[in-house]
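Novice: just a sequence and a predicted model for now, questions to come.
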Amino acid sequence: MSKQPFAGRTVVVTGGGTGIGRGTALEFARLGAESVIVTGRRKDRLAEVEALSPAVVAVAADVTTASGAEAVADAVRARGGAVHVLVHNAGVFRFSPLDALDADVAREVWDTNVLGPLLLTRQLLPLFAGPDTGIVLVSSRGGHNPGAGSSVYAASKAAVHSFTRSWAAELASRGIRVNAVAPGFVRTEAYAANGLGPEEVEGLFAGVAQSIPLGRVGKVEDIVPWITHLADPSSSLVTGQIITLDGGLDVSGS
């Protein structure tokens, strides 16, 4: 395997300002990508990532809108006009018990997790550089093993699972591979974004870890290598796969 497998390639990473997206963007840059276009809504966080590597290009855009998706396509055209890897990482989780469901929250989750990947993929599809290119979606264990109080989120990630398999079949003739990772509990800012304080987050993780066969929740560093590996040209026979990264929680029956 080449130490610079993405040399000369352009990568797009949505939700690239924090967490898994940030780590993924920087790893693609380390692995030789010529341009890593990171998108998101928070200009300050995108700028922080851009400052860490000359390969990273920040594009503040809401890809749940046609204009936002077009802005990303414009950034690609400005840097050679070809996409080699697209990573759909942007996503939101909102706790949503059915009897307290808020329609605006449901739309936010659905637009971010489902409509965004759909619109951006459609917009960038003509720019894919042919064989040995790929799409990696960041889904969730919840897409196939939903929990109570998260029906909208779980349904959105089930849709991402479906995108993965459907697009893999549809795009194979173009040489575009489509795969996904499905993390379980991972240490990111998502929990604070749902109003949990640091002690509450640690309490949640400590409780969950007791049900995980490997004994701990995930870190960003556990997820990023799988994303880059699935995008690597050396994985040229792999498509339509959803890799669960949860420390064995699925097999524990929890």
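Specialist: In hand now; what should we look at?
Novice: hey, let's count contacts and neighbours off CA atoms from now on
Specialist: Will do.
Novice: now for Leu120, how many residues are close by?
Specialist: Neighbours of Leu120 under the rule other CA atoms under 10 Å: 24.
Novice: separation between it and Thr39?
Specialist: For Leu120, the distance to Thr39 equals 11 Å [CA to CA, to the nearest Å].
Novice: check Val85 too.
Specialist: 14 Å.
Novice: list residues touching both of those two?
Specialist: Val12 (CA atoms under 8 Å, 6 or more residues apart in numbering).
Novice: now do the helices in the stretch 151-254 of the chain.
Specialist: 151-171, 190-193, 198-209, 220-231 (DSSP state H, counting those that start in this stretch).
Novice: make JSON lines from those helices and add distance to Arg77 and mean neighbour count to it.
Specialist: Listed next are the helices of the stretch 151-254 of the chain as JSON lines, based on distance: least, CA to CA, whole Å; neighbours: other CA atoms under 10 Å:
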{"stretch": "helix 151-171", "distance to Arg77": "21", "mean neighbour count": "20"}
{"stretch": "helix 190-193", "distance to Arg77": "32", "mean neighbour count": "15"}
{"stretch": "helix 198-209", "distance to Arg77": "41", "mean neighbour count": "14"}
{"stretch": "helix 220-231", "distance to Arg77": "21", "mean neighbour count": "19"}
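Novice: just the strands in the protein please.
Specialist: 10-14, 35-40, 56-60, 85-88, 133-138, 176-183, 242-245 (DSSP state E).
Novice: format these as TSV; extra columns: mean neighbour count.
Specialist: Below are the strands of the chain laid out as TSV (neighbours: other CA atoms under 10 Å):
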stretch	mean neighbour count
strand 10-14	27
strand 35-40	26
strand 56-60	23
strand 85-88	27
strand 133-138	26
strand 176-183	26
strand 242-245	20
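Novice: of all the ones you listed, which lies closest to Leu214?
Specialist: With respect to Leu214, and counting by CA to CA, the nearest of those is strand 242-245 at 11.2 Å.
Novice: got the CA coordinates for that closest one in CSV?
Specialist: What follows is strand 242-245 as a C-alpha-only set of coordinates in CSV (Å, rounded to 0.1, in the frame of the first residue of the first chain):
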residue,chain,number,x,y,z
ILE,A,242,-21.3,-1.0,5.9
ILE,A,243,-18.6,-1.5,8.6
THR,A,244,-19.9,-1.4,12.2
LEU,A,245,-17.4,0.2,14.6
